[in-house]
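Novice: This is the structure alone, sequence omitted:
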């Protein structure tokens, strides 16, 4: 009996990615012993062609973005990666080369971030490629970084540069010049800031996936505080600066940088910690009493009126 | 600022389903302490409208099927449900009532099976409704039931009745008479056989989702054995018997019953254990040396030539 494609594909492309807990992807589920004395951290994200990535993006890049956007959630919680499961729904005529490239992307990032696949599912769809990934990590008990820990007078910091993702989408769509390809690369291959959100140093954290201002609003609501940020202090890449669309940078999605709340006296400690990881961090404002909401001080010194709070996937 | 629909929907429909580990679905991830002294069991399945369910199936039934097919994987491993994450991709114009009904289906089954949502994602798609669910359970260390434990001369047993799912799909499509609605109900609302695969009693187990003969083949390959089953002994519901399509019952998908391998001397113990759970179990054959593969003895006493090994989602 010839094995059906579904099982054949899993065996050929995904079994080599499996760690011992995955039971060679031959069972109904994976079984793992949680790391001793640790709490588990778990999150899931979906990505759909034409919504979260471009239909003609290379499958290996799509796989890496899928894994990295989830790793970014672990990074926001201060967690160490452990493993993941992924479900893959693709058109019936998808070629084997697509699966090979997708698995190669996963393999590259498994090696880079130190985790392996635990399981998943592979099926057809009459619609666009639809992906889902569940990521598992772990933290020391009580040391997961939440969104609700920011306090009035804490400082607002961000990692890396903001706005490249939103501009990179335009660049990847051919709607924006991107001479060195930097912006499109930032859109296609986010960099999860693992290790940056450190318990005892960072009071609150989240990843910036739906736009800096909107996501800061989420963090403020969870913490019961407001925030005032200085637009001119928001770190932009040279390439984003050259584009000159500040509003898009402040409100666009797909950055996957971290928003952090720290006590003012810990600024030097955060900088030293980030430098050791090779990550830039920048202070962009302060947390305020809740009545103020999120206020963005524009280049002219006045509060900016931002008509959109950011990106919604609806 | 008006909350975007994505966050509003999560807050209204899914936050009430969240347990304490889910952190009110307000963080980047959930955090949980694994049950002390237990191993964790984890699996993920995708479901796409038009492939795994009918596009006009009621959203609450779709949600329950999504959760139950994953619970069936836990059942196959002998695991106790702990929690789940789900990603939901729906067309942009999906009404709020759809989400309300979907969440109501999840709520009903959370109550029935004793678990709660840990997280997930909600996004739009230009294609059909695409769902994914990751289920978490736990077992005593070393007591997860694998597919690879069947031994030559063990008996092959199944729970419930076989073939209702495949016939039920035809019934739901209006291609088969289903006077009392039983078959369509079996297709739409599988019954995970939690608790049946008991360590120390069951040598190997898996759930029958892609067709009895194909799935038995998977179990045999994993165990390095063959199997001979008697078609006339395969338990059929009265409704399936009335249809009279034995081949479809043996090879069709969507049963979500359990295939079990036990020692012959444990037959009475299995029956007693199953009876205590209110589940019917039936002996349908024996495991044989590997050279034999899977052989199905037909009603005429000869091996049946089954042209299809079962259902593939490609």
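Specialist: Nice, I can see it. Given the structure is predicted, the values throughout are model-derived calculations rather than measurements. Numbers count the residues shown, from 1 in each chain, chains lettered A, B, ... in the order given.
Novice: can we go C-alpha only for contacts and neighbour counts from here?
Specialist: Fine.
Novice: Could you report the neighbour count for residue A:274?
Specialist: Around residue A:274 there are 19 other residues, counting by other CA atoms under 10 Å in any protein chain shown.
Novice: Mind listing what's buried along the least confident helix or strand in chain A by mean pLDDT?
Specialist: The element with the least model confidence among the helices and strands of chain A, by mean pLDDT, DSSP states H and E, is helix A:5-9, at a mean of 74. By 16 or more other CA atoms under 10 Å in any protein chain shown, the buried positions in helix A:5-9 come out as A:6, A:7, A:9.
Novice: So which of those residues would count as near chain B as well?
Specialist: Filtering the buried residues of helix A:5-9 for neighbours of chain B using CA under 8 Å from any CA of the partner chain leaves residue A:6.
Novice: any idea how far the least confident helix or strand of chain A is from the chain center?
Specialist: 30 Å (CA atoms, centre = their mean, to the nearest Å).
Novice: Check stretch A:68-81 too.
Specialist: 7 Å.
Novice: Could I get the full set of helices for the stretch 151-300 of chain A?
Specialist: For the stretch 151-300 of chain A, applying DSSP state H, counting those that start in this stretch gives helices covering A:164-172, A:182-188, A:212-223, A:238-243, A:246-251, A:267-277.
Novice: Start and end of stretch A:14-29, how far apart?
Specialist: 15 Å (CA to CA, to the nearest Å).
Novice: Please identify which residue in the stretch 51-200 of chain A comes closest to chain B.
Specialist: Proximity of the stretch 51-200 of chain A to chain B (CA to the nearest CA) peaks at residue A:127, 4.4 Å away.
Novice: Can you classify that residue by secondary structure?
Specialist: Residue A:127 carries the three-state label coil when classified by DSSP: H, G, I helix; E, B strand; the rest coil.
Novice: Run a quick neighbour tally on the closest residue to it other than its chain neighbours.
Specialist: Spatial nearest neighbour of residue A:127, excluding adjacent residues (CA to CA, 6 or more residues apart in numbering or on different chains): residue B:127 at 4.4 Å. Each residue near residue B:127 was counted by other CA under 10 Å, and the total is 21.
Novice: Roughly how far does residue B:127 sit from residue B:46?
Specialist: 15 Å.
Novice: Repeat that for residue A:75.
Specialist: Residue A:75 is 26 Å from residue B:46, by CA to CA.
Novice: re earlier: could you pull up the contacting residues of the residue of the stretch 51-200 of chain A closest to chain B?
Specialist: Neighbouring residues of residue A:127 by CA atoms under 8 Å, 6 or more residues apart in numbering or on different chains: A:90, A:91, B:126, B:127, B:128.
Novice: Need the buried ones from these selected in ChimeraX.
Specialist: Provided next is the ChimeraX selection string for whichever of the contacts of residue A:127 are buried by 16+ other CA under 10 Å:
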select /A:90 /B:127,128
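Novice: could the contacts of residue A:127 go into JSON lines alongside distance to residue A:50?
Specialist: Below are these laid out as JSON lines (distance: CA to CA, whole Å):
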{"residue": "A:90", "distance to residue A:50": "13"}
{"residue": "A:91", "distance to residue A:50": "14"}
{"residue": "B:126", "distance to residue A:50": "8"}
{"residue": "B:127", "distance to residue A:50": "10"}
{"residue": "B:128", "distance to residue A:50": "13"}
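Novice: Residue A:294 and residue A:215 touch, don't they?
Specialist: No. Between residue A:294 and residue A:215 there is no contact under CA atoms under 8 Å: 10.1 Å.
Novice: Relative to residue A:204, how far out is residue A:270?
Specialist: 13 Å.
Novice: more crowded one of the two?
Specialist: Counting neighbours by other CA under 10 Å for residue A:270 and for residue A:204 shows that residue A:204 has the greater number, 29 against 22.
Novice: Let me know whether the more buried one touches residue A:287 as I believe.
Specialist: No. Using CA under 8 Å, residue A:204 makes no contact with residue A:287, being 11.3 Å away.
Novice: between the two, what contacts are shared?
Specialist: Common neighbours of residue A:204 and residue A:287 (CA under 8 Å, 6+ apart) are residue A:150.
Novice: if we can go back for a sec, how confident is the prediction for the residue of the stretch 51-200 of chain A closest to chain B, by pLDDT?
Specialist: Note on residue A:127: pLDDT of 96.
Novice: Residue A:305 now?
Specialist: Reading off the model, residue A:305 has pLDDT 85.
Novice: and it, how far is that from residue B:176?
Specialist: According to CA to CA, residue A:305 stands 61 Å off from residue B:176.
Novice: Comparing these two, which residue is more hemmed in?
Specialist: Set side by side, residue A:305 and residue B:176 show more neighbours around residue B:176, with 15 against 11, by other CA under 10 Å.
Novice: Dihedrals phi and psi, the more buried one?
Specialist: The main-chain torsion angles of residue B:176 are listed as degrees, to the nearest 10 and equal phi -150, psi 140.
Novice: so it sits right up against residue B:182, yeah?
Specialist: No. Residue B:176 lies out of contact with residue B:182 (CA under 8 Å); the separation is 11.9 Å.
Novice: Residue A:44 - nearest residue in space that isn't next to it in sequence?
Specialist: residue A:134 (4.1 Å).
Novice: I figured that neighbour hits residue A:86, correct?
Specialist: Yes. Assessed by CA under 8 Å, residue A:134 is found in contact with residue A:86 at 6.3 Å.
Novice: more crowded one of the two?
Specialist: The neighbour comparison of residue A:134 against residue A:86 (other CA under 10 Å) goes to residue A:134, with 33 against 28.
Novice: which residues touch the more buried one?
Specialist: A:42, A:43, A:44, A:45, A:70, A:84, A:85, A:86, B:85, B:134.
Novice: Just the ones in strands from these, please.
Specialist: A:42, A:43, A:44, A:45, A:84, A:85, A:86, B:85, B:134 (DSSP state E).
Novice: Out of the residues you listed, who's the most crowded?
Specialist: residue B:134 (33 neighbours).
Novice: so how far is residue B:264 from that one?
Specialist: 35 Å.
Novice: Can you report phi and psi for residue A:31?
Specialist: phi -130, psi 130.
Novice: Quick check: pLDDT value at it.
Specialist: So residue A:31 comes in at 95 (pLDDT).
Novice: What residues does the residue lying closest to residue A:158 once chain neighbours are set aside make contact with?
Specialist: Nearest non-adjacent residue to residue A:158, counting by CA to CA, 6+ apart: residue A:259, 4.7 Å away. Residue A:259 makes contact with A:156, A:157, A:158, A:159, A:205, A:206, A:207, A:208, A:216 under the criterion CA under 8 Å, 6+ apart.
Novice: What of residue A:28?
Specialist: So residue A:28 contacts B:43, B:73, B:74, B:76, B:77, B:206, B:207 (CA under 8 Å, 6+ apart).
Novice: my read: the first one touches residue A:32, true?
Specialist: No. In this structure residue B:43 lies outside contact range of residue A:32 using CA under 8 Å: 11.4 Å.
Novice: what about residue A:139, distance to residue A:148?
Specialist: Per CA to CA, residue A:139 is found 17 Å from residue A:148.
Novice: can you check residue A:22 too?
Specialist: 34 Å.
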